[in-house]
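*Asks:* model this:
(2 chains)
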Amino acid sequence: MNDLYLTLRSVTPGQKGRDALQKAGIRCSLLRAPREIAPGGCAYALALREQDRSRAQTVLDRSGVRWVGCYRRRADGSFVRTDP
Amino acid sequence: MIYLDNAATTLRKPPQVSQAVVQALRRCANPGRGGHAAAALAEETVYRTRKTAAAYFGLEPEQVCFTANATEGLNIALRSLVRPGSRVVLSGLEHNAVTRTLTGLGAELVPVSAHIFDGDRWLEAFSDALTPGTAACVCLQLSNVFGAVLPVDRIGALCAARRIPFVVDASQSAGLLPVRPAFWQAAFTAMPGHKGLMGPQGTGLLLCRAEPAPLRFGGTGSNSMEQTMPSELPDRLEAGTLNVPGIAGLGAALDWLTRQDPALLLRRERGLLDTAVRGLRALGVPVWAGADQLGVLSFRIPGLDNEEAAARYAKAGIALRAGLHCAPLAHRTGGTLPEGTIRLSLSVLSEPGEIRSFLSVTKGMMNH
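*Replies:* Coordinates of the predicted model:
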């Protein structure tokens, strides 16, 4: 289950990040960020598995993709911020 | 029709281009404006072109910004660097897209001139003019009037050494010559999508290696609560709905170009230009030709007004352009004001038979 959400300001870094993660063998999906984790309105998120967190951060850093926030989705659907 | 006006726009495109445009018109919604399938397809279509262009020009995808044409890209670049009174050094071959923009900004224009087809002389002229206090340097890679190829790699190195931002107009060269903004150390490189890149009209690219100021303000589908434009590229420059069908067509064109052998395309086009130059000279037609030249040839039919000559070519089914080609500065530098010239311009899809037909019609005109 993809329960870790890395939020991005716009779609292009999201697409670049998605491609980089998938190239590194990390499963992820790019989606429009739920309102709760997009206080600025209209943002995107890369959703991936918590277990891939460390490796994903390395891959994104290397690709020059900066995310805005890191959130874990709870079982009830709400989010908790878990920035490193 | 024999189409030899490719410096204005290429008319014959790879068939995939129109197919991609039609597909996008039918299936793509507004990118970044929804999470539904049609918006997502538009986002992926736009990103695919962005990524292909980035690979083609040796940059990162976010450094590729879509514009409506080269003029818009040059406006953004120059407005980002130039203030009223700024000293701007430019080649004496620049288009009105540069000179009118700089004039509108209230800049001090410092055009440099040299023998049109002598790259070393151009370099010397730029070296003399690029003095401390220069706000920007602008140079085209290939002249839309004379086909002269300017040494933008060496001019870029000069600018970098003197810490002067460098802007390249690759309007006539993109798709034919290597365009390498990182190697040139260019702050901005602007080009249309609809000429040598073979995409549809209404498309253009601005390749950004410096921070640009937005020309348009509005919605980007990102960070909507914020009332200033996003600082990140490409959103900073892409307010409003993008030309998704055009961008899809440009992507198909870039895919096609990427599969071609660039050396072969260059050799073919050089060969066609040589044939045209030799043929015209054999007929006694004055031409502006030289060693560092590609794709574009200016000439005149003795005793005939340029527009009248172009009209006669058009009547014979040959499309050429006469006049000043929106570049009076280039004609001043080339000594072809006020009449201008007749311009023949090629594309990588031009054919030897088209040049033969053009020469045959020219022969008929010279005999009358």
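
*Asks:* how far away is B:Gly119 from A:Glu50?
*Replies:* Relative to A:Glu50, B:Gly119 is positioned 58 Å away (Cβ to Cβ, to the nearest Å). The way it works is simple: take the backbone N, C-alpha and C, and place the C-beta from them, glycine included.

*Asks:* residue boundaries of the helices in the chain?
*Replies:* If you meant another chain, say so; for now it's chain A. For chain A, applying DSSP state H gives helices covering A:11-23, A:53-63.

*Asks:* that's the wrong chain, I wanted chain B
*Replies:* Under the criterion DSSP H, helices of chain B are mapped to B:15-27, B:37-57, B:70-81, B:96-105, B:119-129, B:152-161, B:181-184, B:244-258, B:262-282, B:306-315, B:328-334, B:352-366.

*Asks:* count of residues packed around B:Leu337?
*Replies:* 13 (other Cβ atoms under 10 Å in any protein chain shown).

*Asks:* next one: B:Gln63
*Replies:* Using other Cβ under 10 Å, B:Gln63 has 21 other residues around it.

*Asks:* OK, contacts around the residue lying closest to it once chain neighbours are set aside?
*Replies:* In space, B:Gln63 comes closest to B:Cys208 once its chain neighbours are excluded; the distance is 5.1 Å by Cβ to Cβ, 6 or more residues apart in numbering or on different chains. Counting by Cβ atoms under 8 Å, 6 or more residues apart in numbering or on different chains, B:Cys208 touches B:Gln63, B:Val64, B:Cys65, B:Ala187, B:Phe188, B:Leu233, B:Leu237.

*Asks:* Check the spacing between B:Leu90 and B:Ile155 real quick.
*Replies:* Taking Cβ to Cβ as the measure, B:Leu90 falls 11 Å from B:Ile155.

*Asks:* Overlap in contacts, the two.
*Replies:* B:Cys137, B:Cys139.

*Asks:* what about the two, which has more around it?
*Replies:* Per other Cβ under 10 Å, whichever of B:Leu90 and B:Ile155 has more neighbours is B:Ile155, with 28 against 25.

*Asks:* which ones are touching the more buried one?
*Replies:* By Cβ under 8 Å, 6+ apart, the contact set of B:Ile155 is B:Trp122, B:Leu123, B:Phe126, B:Cys137, B:Cys139, B:Phe166.

*Asks:* Which parts of chain B belong to which domain?
*Replies:* B:2-11+B:261-366, B:15-258 (automatic domain parsing).

*Asks:* Let's have those in JSON lines, adding mean pLDDT.
*Replies:* Shown next, in JSON lines, are the domains of chain B (pLDDT from 0 to 100):
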{"stretch": "domain B:2-11+B:261-366", "mean pLDDT": "97"}
{"stretch": "domain B:15-258", "mean pLDDT": "97"}
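
*Asks:* Most tightly packed of the ones you listed?
*Replies:* domain B:15-258 (a mean of 21; mean count of other Cβ atoms under 10 Å in any protein chain shown).
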